[in-house]
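In: Let me see the structure of the following:
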Amino acid sequence: MKQTVLTVKENRALAKSVYIMTLGGDTGANKPGQFVEIKLDGLYLRRPISVCDCENGYLTIIYKVVGSGTEQMTGLKEGDRLDVLTCLGNGYDLAAAGDRPLLIGGGVGVPPMYLLAKELIKQGKEVSVILGFNTRDEVFFEDEFASLGCSVTVTTADGSYGVRGFVTDALPDNASYFYACGPKPMLRALSERTDIPGEFSLEERMGCGFGACMGCSVMTKSGAKRVCKDGPVFKKEELIW
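Out: Next comes the predicted model:
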């Protein structure tokens with residue numbers, strides 16, 4: 001964990017109710033799957049946001065407006081300074097990827113897949129990505145993944161863009177390993193529908209973000225684990241659905 005002050009370089013709408021923000025400063029060496037906690041004026045609890053990209057002193061996050069905290073974030077402008085905890089959580093195990101890793105993101109579970117894809121591409125992996133959304137106007141980052149060299153499939157629940165249905169309707173047959181982040185029903189369905197090993201990044205309400213309050217604990221096969229400290233990434237075989 002690293003506490004730092006970062007400066008807003010960009011903050012703009014990306015898709016329906018979804019924004020992208022770039023922060024500059026001493027970001028720390030965030031790994032794929034880790035997250036940050038942002039302190040906002042007037043709010044007691046920090047807001048946990050997954051890391052989309054981190055390179056050359058710039059940190060990129062993508063967030064969805066779901067409450068007062070994220071609504072306040074939309075008003076941040078270039079030059080504003082934020083108190084941020086970075087390098088939180090355990091991140092994905094890149095060494096387990098095999099030759100043909102599959103990355104699966106649902107909604108705001110898409111952003112952490114981007115930094116992961118970048119690192120796996122650097123290792124010479126043949127990366128496939130499935131991005132799941134409810135409808136066409138929620139789709140984002142399809143072109144960005146393709147620009148990295150990934151094979152990209154987009155699904156929408158209403159069929160307005162890409163493959164009609166859910167991410168489980170677009171699973172390939174030849175993946176060596178998978179990494180997934182998204183809502184719990186999506187992760188549960190993936191656990192039931194996949195016969196290859198993989199990892200899930202869980203989304204839970206977090207009080208502190210670094211393991212002190214125990215508020216984000218989930219039960220695993222080896223007992224209670226804190227999503228913020230022991231996770232947010234867990235091996236498929238660890239989880240109890």
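In: Helix or strand: which one has residue 126?
Out: Residue 126 belongs to no helix or strand when assigned by DSSP states H and E.
In: Residue 78 too?
Out: With DSSP H and E as the test, residue 78 turns up in no helix or strand.
In: Domain map for the chain?
Out: 2-88, 94-203 (automatic domain parsing).
In: Next, the distance between the ends of the longest one.
Out: Between the opening and closing residues of domain 94-203 there is a gap of 20 Å (CA to CA, to the nearest Å).
In: could you give me the average pLDDT of that domain?
Out: Per-residue pLDDT over domain 94-203 has a mean of 97.
In: Can you give me the buried ones in the longest helix along the chain?
Out: Under DSSP state H, the helix in the chain containing the largest number of residues is helix 111-122. Residues of helix 111-122 classed as buried by neighbour count (16 or more other CB atoms under 10 Å): 111, 112, 113, 114, 115, 116, 117, 118, 119, 120. Every C-beta, even on glycine, is put in place using the N, C-alpha and C of the backbone.
In: For residue 18, state which of those residues is nearest.
Out: residue 111 (9.5 Å; CB to CB).
In: The closest one and residue 32, how far apart?
Out: 11 Å (CB to CB, to the nearest Å).
In: shared neighbours, the two?
Out: Shared contacts of residue 111 and residue 32 (CB atoms under 8 Å, 6 or more residues apart in numbering): residue 51.
In: all helices in the protein, in order from the N-terminus.
Out: In the chain, the helices defined using DSSP H lie at 68-73, 111-122, 142-148, 184-193.
In: how deep is the nearest residue to residue 47 once chain neighbours are set aside tucked in, by neighbour count?
Out: Once flanking residues are discounted, residue 47 sits nearest to residue 69: 4.5 Å by CB to CB, 6 or more residues apart in numbering. When neighbours are counted by other CB atoms under 10 Å, residue 69 registers 18.
In: so of the domains of the chain, which one's packed in deepest?
Out: Of all the domains of the chain, domain 94-203 carries the top mean neighbour count, a mean of 19, counting by mean count of other CB atoms under 10 Å.
In: ok, what's across the strand from residue 81?
Out: Note on residue 81: beta-bridge partners by DSSP bridges are residue 7.
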